[in-house]
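> just need the structure, nothing else, for what follows:
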Amino acid sequence: MAYEYKVVELREKWLGGKMSGDKLEKVLNDHAGEGWQLKAITGADVRGRMGPGGVEGLLVTFERQV
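Purely as a prediction, here's the structure:
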C-alpha cells in the first residue's frame, strides 16, 4: 500500500483569534470528505510570510491511500 500526506497550517488569527473546536472540526470534516484521514495534530509556532515572528498555531497532518 502507498500513502500520501498533506500538512495544513492553522494559525490562531485564521481561527478567529483563538483555537476554536468548531472551526477545527470543519477543517477535519472537509478533508475527510476528500478521503483524508487525520494522522496527527501538533502545536507549533507557525511562521508568517511577512515579518520575523511566528504565531501559535497547529500543524494538522492528514493521510490517505494512493
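> so, low pLDDT: which residues of this protein?
Low-confidence segments of the chain (pLDDT under 70): 12-19, 46-55.
> quick one, strands of it?
3-11, 37-47, 54-65 (DSSP state E).
> Gly33 and Lys23, how far apart?
Using CB to CB, to the nearest Å, Gly33 is found at 16 Å from Lys23. C-betas here are computed from N, CA, C, even on glycine.
> those two: which is more packed in?
Between Gly33 and Lys23, counted using other CB atoms under 10 Å, the more crowded position is Lys23 (14 against 8).
> re earlier: let me have the strands of the chain in a markdown table, extended by mean neighbour count and distance to Asn29.
Below are the strands of the chain laid out as a markdown table (neighbours: other CB atoms under 10 Å; distance: least, CB to CB, whole Å):
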| stretch | mean neighbour count | distance to Asn29 |
| --- | --- | --- |
| strand 3-11 | 13 | 13 |
| strand 37-47 | 12 | 10 |
| strand 54-65 | 16 | 12 |
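> export these as CSV, with columns for distance to Leu28.
Formatted as CSV, those follow (distance: least, CB to CB, whole Å):
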stretch, distance to Leu28
strand 3-11, 10
strand 37-47, 6
strand 54-65, 8
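> so who does Phe62 touch?
5-8, 31, 36-39 (CB atoms under 8 Å, 6 or more residues apart in numbering).
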